[in-house]
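In: output the structure for:
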Amino acid sequence: MSIRNPPPPTYTSLALSSHNVKIYHTSKDNTTADWKYYGHQGVLVFGRESSLEQEYSFRVFVSNDDGDWSTLWMYKFNADNMTYHSEGAPGFHWFIGRTRKYGISFTDDEDAETFSRTVSEYTAPSLHTVDSRSTKQYSRRTLPKFGSLTSGSVFSLHLPSTPPNTRTTTEPSPPKRAGSRIWNAFKKKQ
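Out: Okay, here's the model as predicted:
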């Protein structure tokens, strides 16, 4: 198993979805709910891009039949310029990018809640005025540590050889065991 287009060695994951998500987009100025499916779905990771305190990203990874993972979609941002919206529909979150609005559709409400809480904790305006030492202490105290993603180890060791199940509204929820294995394997790396 390998990973193409890996995160940089300094990448630190902060949250990982246990089920596939879908990425949507609409024009930046659109005030209606006219979202278009971007054509991307996979495992979503929210993480810190580098040693800079405010540099984060969302990354969507997909797996092929051989169990090789690759980065399908990525959006880097500075926390000072990010407002993450998770109100309204519990499984649909959105944010305004440089050229458009992006939406993330979660198939699992627990994933959606974890991402909302984690992204909000790390991008909350109140954290930006605190010195980096107390910000790190605050983050460690309130959020679980999931370990760092490195180019050769974490994804090749901890993501399953097949993508997580996706769910539509007409299918029953996938067994919790599939998602739990991803999280448990990911947490063991700590």
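In: what helix or strand is G39 on?
Out: Assigned by DSSP states H and E, G39 belongs to strand 36-48.
In: would you map the strands across the protein?
Out: In the chain, the segments counted as strands under DSSP state E are 3-4, 12-16, 21-27, 36-48, 55-63, 69-78, 84-85, 92-96, 100-106.
In: what helices or strands is the last one leaning on?
Out: Under the contact criterion of 3 or more CB pairs under 8 Å, 6 or more residues apart in numbering; DSSP states H and E, strand 100-106 touches strand 21-27, strand 92-96, helix 109-123. All C-beta atoms are positioned from the backbone trio N, CA, C, and that covers glycine.
In: report the angle between the axes of the last one and strand 36-48?
Out: Orientation check (axes from the mean of the first three to the mean of the last three CA atoms, to 10 degrees): helix 109-123 against strand 36-48 gives 60 degrees.
In: tell me the mean pLDDT for helix 109-123?
Out: Per-residue pLDDT values across helix 109-123 average out to 90.
In: send the alpha carbons of it over as CSV?
Out: Only the C-alpha atoms of helix 109-123 are listed here, as CSV (Å, rounded to 0.1, in the frame of the first residue of the first chain):
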residue,chain,number,x,y,z
ASP,A,109,-23.6,12.6,11.9
GLU,A,110,-20.8,11.8,14.4
ASP,A,111,-18.2,12.6,11.7
ALA,A,112,-20.0,15.9,11.1
GLU,A,113,-20.1,16.8,14.8
THR,A,114,-16.5,15.9,15.3
PHE,A,115,-15.4,18.0,12.4
SER,A,116,-17.5,21.0,13.4
ARG,A,117,-16.2,20.9,16.9
THR,A,118,-12.5,20.4,15.9
VAL,A,119,-12.5,23.0,13.1
SER,A,120,-14.2,25.5,15.3
GLU,A,121,-11.7,24.9,18.2
TYR,A,122,-8.7,25.5,15.9
THR,A,123,-10.1,28.4,13.9
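In: now for that helix, which elements pack on it?
Out: Packing partners of helix 109-123 (3+ CB pairs under 8 Å, 6+ apart): strand 12-16, strand 36-48, strand 84-85, strand 92-96, strand 100-106, helix 132-142.
In: do the same with the second one
Out: In this structure, strand 92-96 makes packing contacts with strand 84-85, strand 100-106, helix 109-123, judged by 3+ CB pairs under 8 Å, 6+ apart.
In: quick one, that strand and strand 55-63 angle?
Out: Strand 92-96 runs at 130 degrees relative to strand 55-63, counting by the same axes, to 10 degrees.
In: direction included, what does strand 92-96 pair up with?
Out: With DSSP bridges as the test, strand 92-96 is paired with strand 84-85 (antiparallel), strand 100-106 (antiparallel).
In: if you average pLDDT over it, what comes out?
Out: For strand 92-96, the mean per-residue pLDDT is 92.
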